[in-house]
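Peer 1: fold the following, please.
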Amino acid sequence: MRDGRLYIAGRDAESLAREHATPLYVYDLSRVGEQAVALRDAMVSTGLEPVVRLALKAQREPALLEFLRAEVPFVGMDVCSPGEVDWAIGHGWGAGEISYTGTNVSGRDLERITSAGVHLNVDLLTQLERVGQAAPGRTVGIRVNPGIGASRDGAGETLYTGERPTKFGISAEQLPDALEIARRWDLTIDTVHFHVGDGYLSDGLPVFEETVRRAAEMVRTLQGAGWPIREVNTGGGLGVPQQAGDRPLDLGAWAAILATHLGPLDVAVATEPGDFLVKECGVALAEVVTVEVRSGVRFVGLDIGWNVLGERFVYGSILDLVMCRGVEAAALDDVTISGNINEGDDLFARDYPFPEVREGDIVAAIGVGSYNASMTSVHCLREPAGVVAFKDRR
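Peer 2: Numbers count the residues shown, from 1 in each chain. Predicted coordinates:
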């Protein structure tokens, strides 16, 4: 911010919107590099052997991937579909740098994944059986479910894991069955994967520690049975500040938890976040095309819709909307901010404090570098948002 105006990578946001047209995603690529280096260095400082990957489902913009290959080459790829395998390879990653963890994998999926030569983590007993039938003698990882997960609210439940069964992962009670299947098909298990997080910050670290402790117990069980576990993949879910009062995740404390429970196992320790790496790098810009009071409610209509800014609608994520010409301008009243999709639920905010606004103003959605552009749909045949990405800051 300069003189009350929003700047992105040192450029005036409103000027970028006028130059490139809206809706527009603007990416500060330097932020991605900063986050990746911070993750790696925190792990190295505790004596761990780190592996950092980007969850490709969170962000697949070619300019961003080109930046990673050139400027942050130690970052690998976490993929979850055959299409993502092809995308990662097509943008410069070798098969050995790609880790596949998906669910409900079909026979067609398996054929494409195995032929590509990427590392495969299997998350269900039935899928482990299918892999054995299709590729006996293969080396694989298994995704485990520790039955607890860390989220923004500090609770022990997420959509991935908790007391209630989810569609993900092999439980501790199922390990003997998994090992029997692996032996029957001469499979080698070399990786244990768990993904339990959902945007957790420092308040979620006590729950995260319990998940790591449980996962470490499962690794010890496998090692004790003779399996050559070379990597423990801790998944993603690391959060970034999204609202007033949020403090950044304490990476030192996070890495210390991993070192305490996984360090003694003599394994590489992987992390593969989406949000932590790319959420803060992205801003979406939109033009105000409607300002109208109806039945006492002021509606602010934008030329962007949930088809290209969908994270809030899919995940219920926090959405921070600001006026580019007056980031800290005092709120005039509470407004409803709506999009341009011809559906009644295309509403970005209700009763949202907002400054005086007029048609033609540029509004920014802050911190939308992940799970937005990558989920763009063709609903109503609205076109995708434009993209401009900057490697430098002014």
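
Peer 1: do you have the strands of the stretch 251-394 of the chain handy? List them.
Peer 2: All strands of the stretch 251-394 of the chain, identified by DSSP state E, counting those that start in this stretch, fall at 268-271, 282-294, 297-302, 320-323, 333-338, 347-354, 362-366, 386-390.

Peer 1: the last one - contacts with which helices or strands?
Peer 2: Other helices and strands packing on strand 386-390, by 3 or more C-beta pairs under 8 Å, 6 or more residues apart in numbering; DSSP states H and E, are helix 13-20, strand 24-28, helix 29-45, helix 62-71. Placement of C-beta: from N, CA and C, glycine included.

Peer 1: of all these, which one is nearest E231?
Peer 2: Closest to E231 of the helices and strands packed on strand 386-390 is helix 29-45 (C-beta to C-beta; 13.0 Å).

Peer 1: could you export stretch 251-264 as CSV, CA atoms only?
Peer 2: Presented in CSV, the C-alpha positions along stretch 251-264 are these (Å, rounded to 0.1, in the frame of the first residue of the first chain):
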residue,chain,number,x,y,z
LEU,A,251,7.6,-22.4,11.2
GLY,A,252,10.3,-23.0,13.9
ALA,A,253,7.8,-24.7,16.1
TRP,A,254,6.2,-26.6,13.2
ALA,A,255,9.6,-27.9,12.1
ALA,A,256,10.5,-28.8,15.7
ILE,A,257,7.4,-31.1,15.9
LEU,A,258,8.5,-32.9,12.7
ALA,A,259,12.0,-33.3,14.0
THR,A,260,10.9,-34.6,17.4
HIS,A,261,8.7,-37.4,16.0
LEU,A,262,10.1,-38.1,12.5
GLY,A,263,13.8,-37.2,12.9
PRO,A,264,14.6,-40.5,14.8
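
Peer 1: residues in contact with it?
Peer 2: Stretch 251-264 has contacts (C-beta atoms under 8 Å, 6 or more residues apart in numbering) with 38-39, 42-43, 45-48, 202, 205, 208-209, 212-213, 215-216, 219, 232, 234, 238, 269.

Peer 1: tell me the domain boundaries of the protein?
Peer 2: 7-27+279-390, 60-273 (automatic domain parsing).

Peer 1: in terms of mean pLDDT, which of the ones you listed ranks lowest?
Peer 2: Lowest mean pLDDT within these: domain 60-273, a mean of 93.

Peer 1: next, the distance between the ends of that one.
Peer 2: End-to-end distance for domain 60-273, by C-alpha to C-alpha, to the nearest Å: 13 Å.

Peer 1: cool, stretch 167-181 as well?
Peer 2: End-to-end distance for stretch 167-181, by C-alpha to C-alpha: 19 Å.

Peer 1: same deal with stretch 81-97?
Peer 2: Note: stretch 81-97 ends 15 Å apart using C-alpha to C-alpha.

Peer 1: before we move on, what about stretch 263-278?
Peer 2: Stretch 263-278: ends 27 Å apart by C-alpha to C-alpha.

Peer 1: what are the buried residues along it?
Peer 2: 263, 265, 267-278 (16 or more other C-beta atoms under 10 Å).

Peer 1: wait, which of those is closest to A182?
Peer 2: Comparing the buried residues of stretch 263-278 against A182 with C-beta to C-beta places V267 closest, at 18.0 Å.

Peer 1: sec struct for the closest residue to that closest one other than its chain neighbours, please.
Peer 2: With C-beta to C-beta, 6 or more residues apart in numbering as the criterion, V267 has its nearest non-adjacent residue at 5.0 Å, and that residue is V232. Per DSSP: H, G, I helix; E, B strand; the rest coil, the secondary structure class of V232 is strand.

Peer 1: next, the contact list for the residue nearest to the spatial centre of the chain, please.
Peer 2: Of all residues in the chain, the one closest to the mean position by C-alpha atoms, centre = their mean is G274, 2.4 Å from it. Residues near G274 by C-beta under 8 Å, 6+ apart: 54-55, 57-59, 236, 370-371.

Peer 1: for these, which one is nearest G224?
Peer 2: Nearest to G224 among these: G236, at 28.1 Å, using C-beta to C-beta.

Peer 1: contacting residues around the residue nearest to that closest one when sequence neighbours are not counted?
Peer 2: Leaving aside its chain neighbours, G236 sits nearest to P273 (3.7 Å; criterion: C-beta to C-beta, 6+ apart). By C-beta under 8 Å, 6+ apart, P273 lies in contact with 39, 54-55, 58, 236-238.

Peer 1: of these - the most surrounded one?
Peer 2: Neighbour counts for the contacts of P273, by other C-beta atoms under 10 Å, peak at L54, which reaches 29 neighbours.

Peer 1: for it, list the residues it contacts.
Peer 2: L54 makes contact with 36, 68, 75-78, 272-274, 277-278, according to C-beta under 8 Å, 6+ apart.

Peer 1: and G235, by the same measure?
Peer 2: When contacts are counted by C-beta under 8 Å, 6+ apart, G235 is found next to 101, 193-197, 271-272.

Peer 1: picking up where we left off before, export the contacts of L54 to a markdown table and append columns for distance to G96.
Peer 2: Shown next, in a markdown table, are the contacts of L54 (distance: C-beta to C-beta, whole Å):
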| residue | distance to G96 |
| --- | --- |
| A36 | 19 |
| L68 | 16 |
| V75 | 14 |
| G76 | 9 |
| M77 | 11 |
| D78 | 14 |
| E272 | 15 |
| P273 | 21 |
| G274 | 21 |
| L277 | 20 |
| V278 | 23 |
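
Peer 1: now the strands of the stretch 251-394 of the chain as CSV including distance to L16?
Peer 2: Below are these laid out as CSV (distance: least, C-beta to C-beta, whole Å):
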stretch, distance to L16
strand 268-271, 32
strand 282-294, 7
strand 297-302, 16
strand 320-323, 14
strand 333-338, 20
strand 347-354, 20
strand 362-366, 9
strand 386-390, 6
